[in-house]
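Colleague: Here is a sequence together with a model predicted from it:
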Amino acid sequence: AVSAQDLTEDEEAEAVEEDVVDDVTDEDDEAEVEDDENAELTEEKEEEEEDALVGEVKASPNADTTILFVKGEDFPANDIVKFLLGFTNKGSENFVVESLDASFRYPQDYQFYIQNFTALQLGIVVPPSKQATFEYSFIPAEPMGGRPFGLVINLNYKDGSGNVFQDAVFNQTVTVIEREDGLDGETIFMYVFLSGLGLLVVVGLHQLLESRKRRRPAAKVEMGTSSHNDVDLSWIPQETLNQISTFTSCPAHATGRTFSSLDKRLSLDTFTSSPCCLACF
């Protein structure tokens, strides 16, 4: 009887423990359900807030915008990117185009700005059924070359009632390319430096050669003797010497005049009596 009573008490204790465990499990399940519900409510609130924020500024249904990049959709780093933006008023009241802005953003999170360009202040009134074209240009930073970024171009305007609108004319991920010409500031500076260095070397060599020429003594030139008696004529053939002596004995050469300039009183026999060179005739 005692053992049966003990078994009954043990069974009651186990039953109580199981009830407690079941209660705790049920409470945990209820807590998890409540947490999930709270998380869902929080997400819904955030989405509603985002929708509200987006709904505050949006494009007007009575306006159309178009965009055209002048050099195509290539975005070279450290170079001018220019585009034209067209605005058409399809409504029945005026639109005032206030500003145009552009920015590069982080592609995974468009809320994070990488490069923000200066806004173009316009303040132009576009009447109904009219169009207007605006020009805008920007320069991507040089370190951005070779990487993708989100490009956002916004046009801000308002209608005659004061309602503010914003049209994301361009909102895409683009790749900023590196420039291929390579004519950057460092390259130009290197060329100028090398040119100056080469010119300096040329000037230095010229100065060195000039200084050596000044130091070198002038070469002595042998002027020879003034007397013909000191000249050695033994190496000249005798026939040549006879012709030389005949040439010097010519009356025309002796007087320093040619045959045509001799005095007419001299007869031709004077010249025929002694041989004369052919130059006299």
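Modeller: Received, thanks.

Colleague: what about residue 97, is that helix, strand or coil?
Modeller: Under DSSP: H, G, I helix; E, B strand; the rest coil, residue 97 falls in the strand class.

Colleague: tell me the contacts of it?
Modeller: By CB atoms under 8 Å, 6 or more residues apart in numbering, residue 97 lies in contact with 87, 122-126, 132, 134, 155-157. (Each C-beta comes from the backbone N, C-alpha and C, glycine too.)

Colleague: now residue 147
Modeller: By CB under 8 Å, 6+ apart, the neighbours of residue 147 are 175-176.

Colleague: List the contacts of residue 132.
Modeller: Taking CB under 8 Å, 6+ apart as the test, what residue 132 contacts is 86-87, 97, 124, 126.

Colleague: Can you tell me which of those residues is closest to residue 59?
Modeller: Using CB to CB, residue 87 is the member of the contacts of residue 132 that lies nearest residue 59, at 10.9 Å.

Colleague: circling back to that earlier point, can you list the contacts of residue 97 in TSV and add distance to residue 199 and pLDDT?
Modeller: Below are those laid out as TSV (distance: CB to CB, whole Å; pLDDT from 0 to 100):
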residue	distance to residue 199	pLDDT
87	56	97
122	52	95
123	55	94
124	55	95
125	61	96
126	60	96
132	55	96
134	50	96
155	54	96
156	56	97
157	59	97
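
Colleague: hmm, which of those are the buried ones?
Modeller: Neighbour counting over these (16 or more other CB atoms under 10 Å) leaves 87, 122, 126, 132, 134, 155-157 as the buried ones.

Colleague: What is the nearest of the residues you listed to residue 71?
Modeller: The closest of the buried ones among the contacts of residue 97 to residue 71 turns out to be residue 134 (CB to CB; 17.2 Å).

Colleague: Next, work out how far apart the closest one and residue 203 are.
Modeller: Distance, residue 134 to residue 203, using CB to CB, to the nearest Å: 56 Å.

Colleague: For residue 89, give its distance to residue 101.
Modeller: The spacing between residue 89 and residue 101, counted by CB to CB, is 21 Å.

Colleague: ok, these two, which is more surrounded?
Modeller: residue 89 (23 against 18; other CB atoms under 10 Å).

Colleague: surely the more buried one meets residue 95?
Modeller: Yes: assessed by CB atoms under 8 Å, residue 89 is found in contact with residue 95 at 5.1 Å.

Colleague: Who does residue 64 form a beta bridge with?
Modeller: Under DSSP bridges, the beta-bridge partners of residue 64 are residue 88.

Colleague: mind listing what it touches?
Modeller: Per CB under 8 Å, 6+ apart, neighbours of residue 64: 87-88, 90.

Colleague: export these to JSON lines and tack on distance to residue 113?
Modeller: As requested, the contacts of residue 64 are arranged in JSON lines below (distance: CB to CB, whole Å):
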{"residue": "87", "distance to residue 113": "25"}
{"residue": "88", "distance to residue 113": "29"}
{"residue": "90", "distance to residue 113": "32"}
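
Colleague: which one of those residues is nearest residue 209?
Modeller: The shortest approach to residue 209 among those belongs to residue 87, at 72.4 Å (CB to CB).

Colleague: Excluding residues flanking it in the chain, which one is nearest residue 94?
Modeller: In space, and not counting its chain neighbours, residue 94 is closest to residue 160: 4.9 Å by CB to CB, 6 or more residues apart in numbering.

Colleague: Is it correct that that neighbour is in contact with residue 125?
Modeller: No: the pair residue 160 and residue 125 does not pass the contact test of CB under 8 Å, sitting 9.4 Å apart.

Colleague: Show me the common contact partners of the two, please.
Modeller: With CB under 8 Å, 6+ apart as the test, residue 160 and residue 125 both reach 94-95.

Colleague: farthest pair in the contacts of residue 132?
Modeller: 86 and 124 (12.7 Å).

Colleague: any shared contact partners between the two?
Modeller: Jointly contacting residue 86 and residue 124 under the rule CB under 8 Å, 6+ apart are 132, 134.
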